[in-house]
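Chemist: My questions are about this predicted structure, shown below with the sequence.
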Amino acid sequence: MMQSTISAMISTLFCLVLMLIGLALSYLSLPFSELAYGLAILVGGWKQTGEGLAELWIDRSLNVDLLMAFAAIGACTIGHWFEGAMLTFIFCLSGALEEYTTNKSTREISSLMALKPTTAQRVLADGQFEEVAVEALHLQDTIFVAKGSGIPIDGQIIHGTSTVDEAALSGESLPVEKQPGDEVYGGTINLGQPLLITVTHTSEETRFAKIIQLVEEAQQLPSQTATLIEKIEKVYVPIVMIMVPVMIILCTLYTGWGFQESFYRGMVLLVVASPCALVASATPATLAAISHAARIGVLCKGGQALDTFAHMQAIAFDKTGTLTNGTPVVTDAEFFVAIPDLPRLIVGMESQSAHPLAEAIRMYYHDTEPLSMQVTEQAGVGLAADYHGSHWQIGKEADSSNLTPQQIGQLKHLKTQGKTMIYISQDRQLVGYLALLDQPRADAQACIRYFRALGIHTTMLTGDHQGTAQRVATEIGIDDFLSDCLPDEKTTAIKEMKARFHTNAMVGDGINDAPALATASLGIAMGEGTDVAMDVADIVLMKNDLSRLIDSHRLARKLQRIIKQNIIFSISVILLLIASNFLSFLTLPLGVVGHEGSTILVILNGLRMLIPLRKEQQQPSSHCKDCVLYQKMQHI
């Protein structure tokens, strides 16, 4: 790709030099000026003309490349060698800029490929290291990653604590702390201490490999607008090719121009009516937008995904792991009786359980030293242990007959808030409780406010019960929610939303979200979710960061604005130049500059998609009067 861009730039430069030589020879009344102009046309136009002829031969269709070649040849046949050379130069320059745009937009793939490790240090049974190709690694192999080295493949740390730079995957510049048991990903960099890692995915199934595949596929899928423009080009170009000779004949017969003037006006029409700028309105901007998204850790599977995202009218979110952190934390803890070392007893019991709630409790009492005791885990009851002559239980059920009405009311109030209650009992009498909650993400409220401020309907779909769903929905300010949803019920809800709002999106991370993601107009997966969700989604947020969702939506809207600007501008220029030509005051040089200049401006406008988004305040839309003003709204 880089070589192609350099070749296009060199052709453009030589075309310019030869054109200037021809202009100098003509000005000085020296011979061979026409030869210099001809060489300029040949050097600058061979690539596009060759591509146009190839498309004519293979696909049996005309394109703008052939239109420009015919226009340059036509200009030369009536003695306007400089105009033909200038047309070729500017057309060649616009082509070089488009090559540059495409190369710029695909540079992320080259960067990713450069980061992809090719070898790994496999640990043998005797403890020795063996350097092997990454493709030769098998599941459950143990590899060694030195400090400062790239992690070659997805795996799980079995020894060592370190910080890992995951910017290539998530777009985040800050490194992530890793310890034994944590997942690490191929293509990331080990910044801290050496690590021993067990392989959990083959080289073809790593997250890094999937990112490269997704970006490559994305650049092959045009947006709906780009596809429409391509269809218009296939019809429009033959019409121009037929219209030009018809105009020359009619003007020769029925106007006072004569054949020479009519032919000249026909050549001007051939130049100005060509849809070069219109053809370049969407594709360069879309490629630049996909490139920008990849740079901030958002993978878009084609321009169609961004097009749909920009026109979205409703968005639904899964709750657990999407709007919430996905892991419960202890929010309330109270003991009704004064018992020495009760926290140590709780930690001692929970330390022998692998339940997710046990992990949350241990995190809450992370500074507490556990007591040593024999613990049994009873299905449906919880943990039980005998300690200092008392029988202790930690679980979801306990006899509360010893509590006061006020204490019982307190427990009921916590339940209505959607909190999970863990009861501690001594000899079957309730002596305390722990309340746990899966809390909303720090950026969930801002995300919901953003979409509501734009008049986009927001819904939460969750399998949790009514109380939990109500609490989360109220806290983050979402428009609507459905609780106790099974996967098929989520899919039904998405279908109903699609029928009501026409264009909708679903954001999720789990296997149970996959049917809904596939059903929605646009599926958006959280990157730290399941592989199934990422496979069926149209957009993947490589880091579980809802602010990236806002950024990608702003990016999609900016892309739509730029494409609309390009289309309106290019059509307006074509109509203005055609009208000027029939009024007889548009010369071929001005037509060339106006037409090809508009193409260059359209491409440069599309390149604005590579510029980082600005951060400004955004007011709620008029039909979202109940929205709280998102004071720190980000929009373009």
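Modeler: That came in fine, so what should we check first? Residues are numbered from 1 along each chain as shown.
Chemist: Check the burial of I562 by counting its neighbours.
Modeler: Around I562 there are 24 other residues, counting by other CB atoms under 10 Å. Every residue, glycine included, has its C-beta placed from N, CA and C.
Chemist: quick one: contacts for it?
Modeler: Contact analysis of I562 by CB atoms under 8 Å, 6 or more residues apart in numbering lists A285, N605, G606, R608, M609.
Chemist: And the furthest pair within those?
Modeler: Across those, the longest distance by CB to CB is 9.1 Å; it joins N605 and M609.
Chemist: more neighbours, those two?
Modeler: Taking other CB under 10 Å, N605 and M609 do not tie; M609 has more neighbours (26 against 18).
Chemist: Grab the nearest non-local neighbour of that one.
Modeler: Nearest residue to M609, sequence neighbours excluded (CB to CB, 6 or more residues apart in numbering): A288, at 3.7 Å.
Chemist: Near that neighbour, how many other residues are there?
Modeler: A288 has 23 nearby residues by other CB under 10 Å.
Chemist: Show me what the strand or helix carrying it is packed up against.
Modeler: Here A288, judged by DSSP states H and E, is contained in helix 283-295. If contacts are counted by 3 or more CB pairs under 8 Å, 6 or more residues apart in numbering; DSSP states H and E, helix 283-295 sits against helix 81-105, helix 107-115, helix 207-218, strand 298-300, helix 303-310, helix 546-582, helix 588-606.
Chemist: May I see the buried residues of the first one?
Modeler: When burial is assessed from 16 or more other CB atoms under 10 Å, helix 81-105 yields the following buried residues: 81-105.
Chemist: got a list of what the closest residue in space to P589 that isn't next to it in sequence touches?
Modeler: Using CB to CB, 6+ apart and skipping residues adjacent in sequence, the residue nearest P589 is E83, 5.3 Å away. Applying CB under 8 Å, 6+ apart to E83 gives the contacts A75, L588, P589, V592.
Chemist: buried subset of those?
Modeler: Among those, the ones that count as buried (16+ other CB under 10 Å) are A75, L588, V592.
Chemist: which residues sit in contact with the first one?
Modeler: When contacts are counted by CB under 8 Å, 6+ apart, A75 is found next to W81, E83, G84, L87, M267, L588.
Chemist: Identify the farthest-apart pair in those residues.
Modeler: W81 and M267 (12.6 Å).
Chemist: which SS class is the residue nearest to P175 when sequence neighbours are not counted?
Modeler: Among residues not flanking P175 along the chain, T163 sits closest, at 4.1 Å (CB to CB, 6+ apart). Following DSSP: H, G, I helix; E, B strand; the rest coil, T163 is assigned to strand.
Chemist: ok, what's across the strand from T163?
Modeler: E177 (DSSP bridges).
Chemist: How many neighbouring residues does it have?
Modeler: 15.
Chemist: Then V337?
Modeler: 11.
Chemist: give me phi/psi at the closest residue to it other than its chain neighbours?
Modeler: Computed as CB to CB, 6+ apart, the closest residue to V337 that is not its neighbour in sequence is V431, at 4.9 Å. Main-chain torsions, V431, degrees, to the nearest 10: phi -120, psi -10.
Chemist: Now do the contacts for V431.
Modeler: Contacts for V431 (CB under 8 Å, 6+ apart) come out as F335, F336, V337, I339, L342, I424, S425.
Chemist: So which residues of the stretch 351-500 of the chain form strands?
Modeler: Secondary structure of the stretch 351-500 of the chain (DSSP state E, counting those that start in this stretch): strands at 375-378, 382-387, 390-395, 420-426, 429-437, 457-461, 480-482.
Chemist: worst-scoring helix or strand of this protein, pLDDT-wise?
Modeler: Ranked by mean pLDDT, DSSP states H and E, the weakest helix or strand in the chain is helix 107-115, scoring a mean of 54.
Chemist: still on that earlier bit, grab the two from the contacts of E83 that are most spread out in space.
Modeler: For the contacts of E83, the maximum inter-member distance is 9.7 Å, found between A75 and P589 (CB to CB).
Chemist: Now do stretch 586-598, average pLDDT.
Modeler: The pLDDT scores in stretch 586-598 average 82.
Chemist: next one: stretch 262-276
Modeler: Here the average pLDDT along stretch 262-276 is 83.
Chemist: Likewise for stretch 288-304?
Modeler: 83.
Chemist: I157 falls within a helix, correct?
Modeler: No. Counting by three-state DSSP, I157 is not found in a helix; it is strand.
Chemist: And it, how far from V199?
Modeler: 12 Å (CB to CB, to the nearest Å).
Chemist: Tabulate the contacts of I562 in a markdown table, adding columns for pLDDT and distance to Y185.
Modeler: A markdown table is the format used below for the contacts of I562 (pLDDT from 0 to 100; distance: CB to CB, whole Å):
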| residue | pLDDT | distance to Y185 |
| --- | --- | --- |
| A285 | 87 | 31 |
| N605 | 91 | 37 |
| G606 | 88 | 33 |
| R608 | 88 | 32 |
| M609 | 88 | 28 |
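Chemist: Let me know the closest of those residues to D65.
Modeler: Distances from D65 to those, taken by CB to CB, are shortest for G606, at 19.1 Å.
Chemist: what's the pLDDT at the residue nearest to L93 when sequence neighbours are not counted?
Modeler: Excluding the flanking residues, the one nearest L93 by CB to CB, 6+ apart is T12, at 5.1 Å. Looking at T12, its pLDDT reads 85.
Chemist: Kindly report the same for L411.
Modeler: L411 is given a pLDDT of 86.
Chemist: I'd guessed it sits against I422; true?
Modeler: No. Using CB atoms under 8 Å, L411 is not in contact with I422; the gap is 11.5 Å.
Chemist: Tell me the residues that contact both of these two, please.
Modeler: Between them, L411 and I422 share the contacting residues Y433, judged by CB under 8 Å, 6+ apart.
Chemist: Please identify which of those two sits among more neighbours.
Modeler: Comparing L411 with I422 by neighbour count (other CB under 10 Å), the higher total belongs to I422, at 25 against 18.
Chemist: per-residue pLDDT, the residue lying closest to that one once chain neighbours are set aside?
Modeler: Leaving aside its sequence neighbours, I422 sits nearest to L434 (CB to CB, 6+ apart; 4.3 Å). With respect to pLDDT, L434 has a value of 90.
Chemist: How many neighbouring residues does L434 have?
Modeler: L434: 24 neighbours (other CB under 10 Å).
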